[in-house]
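Participant: Mind looking at a prediction? Sequence and model below.
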Amino acid sequence: MDYKKEIEKVRELLNEEFIELDDKSRILKSPKLKALYALLPKVAAEHKKDLGIAINKLKDELEAKVKEESKKDSSSKLKLIDVTAPFDINAKLPEFLESEDGSIHPISQEIEKVSEIFNSIGFEIFESRNIDDAWHMFTSLNFPEDHPARDDYDTFVTEEELVAPAHTSTMQNRILSLRKDNLKAGLPIAAAVPDRVYRNEDVDARHEHTFYQVEGIYVDKDVNVGNLIATLKTFLSAYYGKEVETRINPFYFPFTEPSFEFALSCPFCDKKGCHICSQSGWIELLGCGMIHPNVIEMAGIDSKQYSGFAFGCGIERLIMMKYGIEDVRLFHSAKLKFLKQF
């Protein structure tokens, strides 16, 4: 048998069949192609390798044709114009990505990296909520009723008086209550919560009404500020891929006491001064502190026996510093020129 002539004959038949098919991908399951593989046991041993290569080459050609046809279909669909849309029908359509050329959004990519780092040092990862109640948003975090500190977390409120969480700290009481049995078993409560939050902000290059934050909680016996600083330094050094220096300054949060603003040495200029750090060599990054005893008690944990720390950091801020991005609005702009870089 002249297998080369046989393959050429099948190639012609498959090309004719391809033209007739509505679903072009069905050509790859054609009995004619399968019949070629059935020839392998019938040819002499010295020809098996060449025959196998020839069949696979034909199959590769068919797969390429299917892929090319799929792209043509996608292009034709993009050219369809909705005559009811409020723009000139001759206007250039916006650029779209082919599905096979898509990628994970940069925020999702970095949330995965952040989660992996915290998971590697023993932190359990939780999701937050997109709607919550004022008790978890404020009261469980030691915000007194009608206290001005609540104004610092101005957020969106529904007619039912539910709130869009302004921080992932709304999960703090839930996690402490859910995992308090860890403490009886001699284990710490260690959790990180990366998720979406909302603020009633005037949007500009540094502020968004919707953004992402990672909350960290750690509770055990004899936890101190040194543990907090060491944990954050370990995370930031792993995230930026280099050793960073850190410093803390006193601050005020109702849910931590003492409270701090946490800064790290600028990873771009190594403290020499650049436009990212406003020539100071340091970047104010996040808020943190030792969990207030009232917050621990509200979760049913004895604050005389156990202590802990908490911190919250904007994920977009981490990403902007990592990649030198200067406008937070780019993340939700859907601009392909920006997204394709990731």
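Facilitator: Received it, and whenever you're ready, just let me know what you need.
Participant: Could I get the pLDDT score of the closest residue to residue 221 other than its chain neighbours?
Facilitator: Nearest non-adjacent residue to residue 221, counting by Cβ to Cβ, 6 or more residues apart in numbering: residue 306, 5.9 Å away. From N, CA and C alone the C-beta is placed, and that goes for glycine too. Looking at residue 306, its pLDDT is 97.
Participant: give me every residue that touches residue 306.
Facilitator: Residues in contact with residue 306, defined by Cβ atoms under 8 Å, 6 or more residues apart in numbering, are 183, 219, 220, 221, 223, 296.
Participant: Specify the beta-bridge partners of the third one.
Facilitator: On the basis of DSSP bridges, residue 220 is bridged to residue 307.
Participant: low-scoring stretches of the protein, by residue?
Facilitator: Counting by pLDDT under 70, the chain has low-confidence residues at 1, 72-102, 146-154, 276.
Participant: And the helices in it?
Facilitator: Taking DSSP state H to define them, one finds helices in the chain at 3-20, 31-37, 45-78, 106-120, 134-137, 172-178, 181-184, 225-240, 293-298, 315-323, 336-339.
Participant: Export these as JSON lines, with columns for distance to residue 156 and mean neighbour count.
Facilitator: Shown next, in JSON lines, are these (distance: least, Cβ to Cβ, whole Å; neighbours: other Cβ atoms under 10 Å):
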{"stretch": "helix 3-20", "distance to residue 156": "55", "mean neighbour count": "14"}
{"stretch": "helix 31-37", "distance to residue 156": "58", "mean neighbour count": "14"}
{"stretch": "helix 45-78", "distance to residue 156": "36", "mean neighbour count": "13"}
{"stretch": "helix 106-120", "distance to residue 156": "20", "mean neighbour count": "16"}
{"stretch": "helix 134-137", "distance to residue 156": "11", "mean neighbour count": "18"}
{"stretch": "helix 172-178", "distance to residue 156": "20", "mean neighbour count": "20"}
{"stretch": "helix 181-184", "distance to residue 156": "34", "mean neighbour count": "13"}
{"stretch": "helix 225-240", "distance to residue 156": "30", "mean neighbour count": "18"}
{"stretch": "helix 293-298", "distance to residue 156": "24", "mean neighbour count": "18"}
{"stretch": "helix 315-323", "distance to residue 156": "19", "mean neighbour count": "19"}
{"stretch": "helix 336-339", "distance to residue 156": "26", "mean neighbour count": "13"}
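Participant: possible to save those helices as TSV with distance to residue 190?
Facilitator: Output for the helices of the chain, formatted as TSV (distance: least, Cβ to Cβ, whole Å):
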stretch	distance to residue 190
helix 3-20	58
helix 31-37	55
helix 45-78	46
helix 106-120	8
helix 134-137	20
helix 172-178	10
helix 181-184	9
helix 225-240	9
helix 293-298	15
helix 315-323	19
helix 336-339	34
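Participant: among these, which is nearest residue 200?
Facilitator: Ranking the helices of the chain by proximity to residue 200 (Cβ to Cβ) places helix 134-137 first, at 13.5 Å.
Participant: How far off centre is the closest one?
Facilitator: 26 Å (Cα atoms, centre = their mean, to the nearest Å).
Participant: Which elements pack onto it?
Facilitator: The contact analysis (3 or more Cβ pairs under 8 Å, 6 or more residues apart in numbering; DSSP states H and E) places helix 134-137 against no helix or strand.
Participant: Go ahead and name everything in contact with that helix.
Facilitator: With contacts defined as Cβ under 8 Å, 6+ apart, helix 134-137 is touched by 153, 155, 161, 162, 163, 165, 166, 170, 171, 173, 174.
Participant: redo that, cut-off 10 Å
Facilitator: 129, 140-141, 143, 145, 150, 153, 155, 157, 161-167, 169-174, 298 (Cβ atoms under 10 Å, 6 or more residues apart in numbering).
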